[in-house]
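Visitor: just the structure for this:
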Amino acid sequence: MKRFVFFACLIYCLNGFGHIIIGTVLEPMVDSYGIHYGDGGQLIMNQFLGFLAGVLFAPAFVKTIGRKNTLSLALLCFAVSQFILGFVSNWNILLFTAPIGGAGIGIAETVVAALIVGHLKEKKASTLVLSEVFFGVGALVIPIISAFFIMNGIWNASFTVVAIITSVTLIGWFFLSFGEMDTILKKQVKVRTQNKEKKSRNQYPRKQIPLLVIGAFFFFMYVGTEMVLPNYLPTILGKTTNLDASSLALSITVFWLAMTIGRLCMTFVIDKIGYTKLFIISCIGQFFALIIFAVSPSAIISYAAIFLTGLLMGGIFSIGLLIINENSAGLEEWTTSLLVAMGGLGGAFLPKIAGELIDRFPISVTLWALVLFGFILVVLMGAIFYFRKETNEVVEKATV
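Guide: Numbering: from 1, shown residues only. I've put the predicted structure just below:
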């Protein structure tokens, strides 16, 4: 089991690389290819579209070829895309390749999360949060790696390094044994009844549908808010403080560092107070932290609020996955795919809204919009617990 947890964390670290790496080398990439920033944005968008497709099709791949082969395929897609991004000089080929890499990290994230939620026998919550810690580590480390190669005039070597690490991970994942998890990772043989009819696929109970819908909207709002903050923190602080450019850029690092520290701390706290209480504390806490950020009178308080927000938001994604998946036995891949996909849509849609608000209104409107996002998360959290209670009652009656 420890070996599986190790690979789960490693795969999440690779996902952290994948989500951030193009942005870290965008400046020299634009100069090297003689393109515009809009073209670079198209490359990032193509990867996001691939990610979304990977998330949505992950359950179908699992059903067809099994979990181990699906993850192997995902790692292969990501490794190949990184090698091509590192060596190929034709921009059109890169535009075609980016979605393949995006699909790889989308499939990997969905399958690993579903495996932890649905099949890990103990410490599911702390393991899921720990894997998110390594996602943050990847997102923090790759800018440092890229900065080193940019300084040495070989920015594209960043892709090659990630490709090599992914290839080594793929070899280990494909050939190593994972003990009692091996049975789960293999393709499940279809079971037929005595009448030789196919065993019907598990279906969601009717009472669980509201929980899924509200949970999907919760992930839409959470990931969207999480993406607004790092994308627009320098812009917001640039309009509310007199900080220089380097200090403004530091705000992104502060937020990501706080999220990583928050996730790491939660792996120790979660078994002591329970993931339900931690989820409530995190959701309510991020709302009040955003209020502090909105009314902040100084740069110091703004940075403190940013750090506190990141600290509290760190475990919401993982714990939310666990809570909404609680009564989805046999449907973990489908549920996780839905939630991650909705999160991806929120990550694309809410930053667009925030950008429009910044362009059209005073910055205070954007700040209070963030507070509104945080409040909506609290309301949705309450709705999740309400319908979770109803779903639990239905499951208990069914098992009596």
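Visitor: got the buried residues for the longest helix along the chain?
Guide: Looking across the chain with DSSP state H, the single longest helix is helix 363-399. The neighbour-count check on helix 363-399 (16 or more other Cβ atoms under 10 Å) flags 363, 366-367, 369-371, 373-374, 376-378, 380-381, 383-384, 387-388, 391, 395 as buried. From N, CA and C alone the C-beta is placed, and that goes for glycine too.
Visitor: again, but for stretch 138-151
Guide: 138-140, 142-143, 145-146, 149-150.
Visitor: low pLDDT regions in this structure?
Guide: 121-122, 187-205, 245-246, 249, 328-330, 390-400 (pLDDT under 70).
Visitor: contact partners for the closest residue to Ala341 other than its chain neighbours?
Guide: Spatial nearest neighbour of Ala341, chain neighbours left out: Val55 (4.7 Å); criterion: Cβ to Cβ, 6 or more residues apart in numbering. Residues counted as contacts of Val55 (Cβ atoms under 8 Å, 6 or more residues apart in numbering) are 106-107, 109-110, 337, 340-341, 344.
Visitor: if you set the cut-off to 7 Å instead, what comes out?
Guide: Contact analysis of Val55 by Cβ atoms under 7 Å, 6 or more residues apart in numbering lists 106, 110, 337, 340-341, 344.
Visitor: next: Leu278.
Guide: Applying Cβ under 7 Å, 6+ apart, we find Leu278 in contact with 266, 269-270, 315, 319.
Visitor: does Val129 really touch Val269, like I thought?
Guide: No - between Val129 and Val269 there is no contact under Cβ atoms under 7 Å: 9.4 Å.
Visitor: ok, those two, which is more surrounded?
Guide: Each of Val129 and Val269 had its neighbours counted (other Cβ atoms under 10 Å), and the higher figure belongs to Val129 (29 against 17).
Visitor: hang on, that one in a helix?
Guide: Yes - assigned with DSSP: H, G, I helix; E, B strand; the rest coil, Val129 falls within a helix.
Visitor: tell me how far it lies from Ile20.
Guide: Distance from Val129 to Ile20, counting by Cβ to Cβ, to the nearest Å: 20 Å.
Visitor: of the buried residues of stretch 138-151, which belong to helices?
Guide: Using DSSP H, the buried residues of stretch 138-151 in helices are 138-140, 142-143, 145-146, 149-150.
Visitor: I'd like these as TSV, with distance to Asn242 appended.
Guide: Formatted as TSV, these follow (distance: Cβ to Cβ, whole Å):
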residue	distance to Asn242
Gly138	33
Ala139	29
Leu140	27
Ile142	31
Pro143	25
Ile145	32
Ser146	29
Phe149	33
Ile150	29
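Visitor: can you tell me the element the residue nearest to Ala341 falls in?
Guide: For Val55, the host element (DSSP states H and E) is helix 37-65.
Visitor: in that helix, what counts as buried?
Guide: Here helix 37-65 shows 40, 43, 46-59, 61-63 as buried, counting by 16+ other Cβ under 10 Å.
Visitor: what of stretch 14-27?
Guide: Of the residues in stretch 14-27, 14-26 count as buried by neighbour count, 16+ other Cβ under 10 Å.
Visitor: stretch 255-270 too?
Guide: Neighbour-count burial for stretch 255-270 [16+ other Cβ under 10 Å]: 255-264, 266-267, 269-270.
Visitor: mind checking which of those are in strands?
Guide: Using DSSP state E, the subset of these located in strands is empty.
Visitor: need those in a markdown table (columns: distance to Thr240).
Guide: Listed next are the buried residues of stretch 255-270 as a markdown table, based on distance: Cβ to Cβ, whole Å:
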| residue | distance to Thr240 |
| --- | --- |
| Phe255 | 16 |
| Trp256 | 20 |
| Leu257 | 21 |
| Ala258 | 19 |
| Met259 | 22 |
| Thr260 | 25 |
| Ile261 | 24 |
| Gly262 | 24 |
| Arg263 | 28 |
| Leu264 | 30 |
| Met266 | 30 |
| Thr267 | 34 |
| Val269 | 32 |
| Ile270 | 35 |
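Visitor: what's the closest of the residues you listed to Ala289?
Guide: Ala258 (10.0 Å; Cβ to Cβ).
Visitor: three-state assignment of the nearest residue to that closest one once chain neighbours are set aside?
Guide: Residue nearest to Ala258 in three dimensions, not counting chain neighbours: Gly310, with 3.0 Å by Cβ to Cβ, 6+ apart. What three-state DSSP gives for Gly310 is helix.
Visitor: any idea how far Val168 is from Gly310?
Guide: According to Cβ to Cβ, Gly310 stands 31 Å off from Val168.
Visitor: Phe175 now?
Guide: Counting by Cβ to Cβ, the gap from Phe175 to Val168 is 11 Å.
Visitor: what about Cys13, neighbour count?
Guide: Neighbourhood size, Cys13 [other Cβ under 10 Å]: 22.
Visitor: so which helix or strand takes in it?
Guide: Per DSSP H and E: helix 2-24 holds Cys13.
Visitor: from the contact counts, what lies against that helix?
Guide: With contacts taken as 3 or more Cβ pairs under 7 Å, 6 or more residues apart in numbering; DSSP states H and E, helix 2-24 sits against helix 37-65, helix 91-119, helix 124-151, helix 157-175.
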